[in-house]
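*Asks:* Okay, here's the prediction I keep looking at, along with the sequence it came from:
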Amino acid sequence: MTFRVDCHVKVLDDRVVERAKRAGLDAIVYAPHFTRLPEIRERAAAHSDDELLVVPAREVFTGSWRRRRHVLAIGLEEPVPDYIPLETAMAEFDRQDAAVLVPHPTFANVSFEKPDLQTHAETIDALEIYNPRHFPPHNSRARRLAETFSVPPFTSSYAHLPRTVGVAHTAFQTAIGSESDLVTAIKDGLARRVVYDDGLERWTTTAAELGHLVYENTWKKLDRLFLSGTEPTHPQHIAYDGRFDDVEL
């Protein structure tokens, strides 16, 4: 049996669900930016059905804006904020026994580098070896890192646009019926295949997603930094009840 999972998408609505089903996916992992875990869980549950499992997750932005490290955690029971030290986030994921995935390694200034992988190898459960936003050298480098550190691979569409959902997926050789099943499959390193197409559609997707990345890092970032106030996932937000005040960067 093969269970096909797009392991990281940023968008979720009826169009995304329909797109995922047309692509033959069995599940998507929904991890939007700057959104608290309870809201993610609520939206994921509302869009799950017998044909498509929507798994809630958090891509935590650790560190400062100048030196960020993004980490994808699946199976969290308690919220973890952004803007905390990488070491603190990894310890919290370990405490909650979440599956820890490294998305887009060595990409720009937002990703794990080789020293980070060396330091946290025992906590990392999977490393992304193909991301449609990346050019071939980036993906080749990620593949070499996974081999060097003997970390199981995964891929995702990393979709910030509905049209991108399903352009890449991870096919697990086991039945998965729930979030906890997926966490177990990832943490146990169960057999899987990384599936993607490097044809014309891939390059069209790359162009569209990179265009969106430019938008994210200009006007949208300006709004977050100067216009929106305290982010819902900021460690000083009232939702965290002061638990992370002493580790804020």
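*Replies:* Happy to help now that I have it.
*Asks:* Which residue ranges of the chain form helices?
*Replies:* 14-22, 37-47, 86-95, 114-120, 136-148, 179-187, 200-215, 221-222 (DSSP state H).
*Asks:* so of those helices, which one's packed in deepest?
*Replies:* Greatest average neighbour count among the helices of the chain goes to helix 179-187 (a mean of 20), per mean count of other CB atoms under 10 Å. For the C-beta atoms, the positions are set from N, CA and C on the backbone; glycine is no exception.
*Asks:* Please compute how far that helix lies from its chain's middle.
*Replies:* 15 Å (CA atoms, centre = their mean, to the nearest Å).
*Asks:* List the contacts of it.
*Replies:* By CB atoms under 8 Å, 6 or more residues apart in numbering, the residues outside helix 179-187 that reach it are 5, 27, 29, 53, 55-56, 74-75, 97-99, 101, 125-126, 152, 154, 172, 174-176, 190, 192.
*Asks:* Just the buried ones among these, please.
*Replies:* Buried members of these, scored by 16 or more other CB atoms under 10 Å, are 5, 27, 29, 53, 55-56, 74-75, 98-99, 101, 125-126, 152, 154, 172, 176, 192.
*Asks:* In strands, which of these appear?
*Replies:* 5, 27, 29, 53, 55-56, 74, 99, 101, 126, 154, 172, 192 (DSSP state E).
*Asks:* Which of the residues you listed sits closest to residue 37?
*Replies:* Closest approach between these and residue 37, by CB to CB: residue 56, at 6.9 Å.
*Asks:* Report the beta-bridge partners for that closest one.
*Replies:* residue 30 (DSSP bridges).
*Asks:* give me the number of residues near the nearest residue to residue 117 once chain neighbours are set aside?
*Replies:* Residue nearest to residue 117 in three dimensions, not counting chain neighbours: residue 149, with 5.4 Å by CB to CB, 6 or more residues apart in numbering. For residue 149, the count of nearby residues is 15 (other CB atoms under 10 Å).
*Asks:* Contact partners for residue 149?
*Replies:* 117-118, 121, 124, 127.
*Asks:* Same check on residue 8?
*Replies:* By CB under 8 Å, 6+ apart, the neighbours of residue 8 are 29, 31, 57, 59, 72, 101, 103, 128, 156-159.
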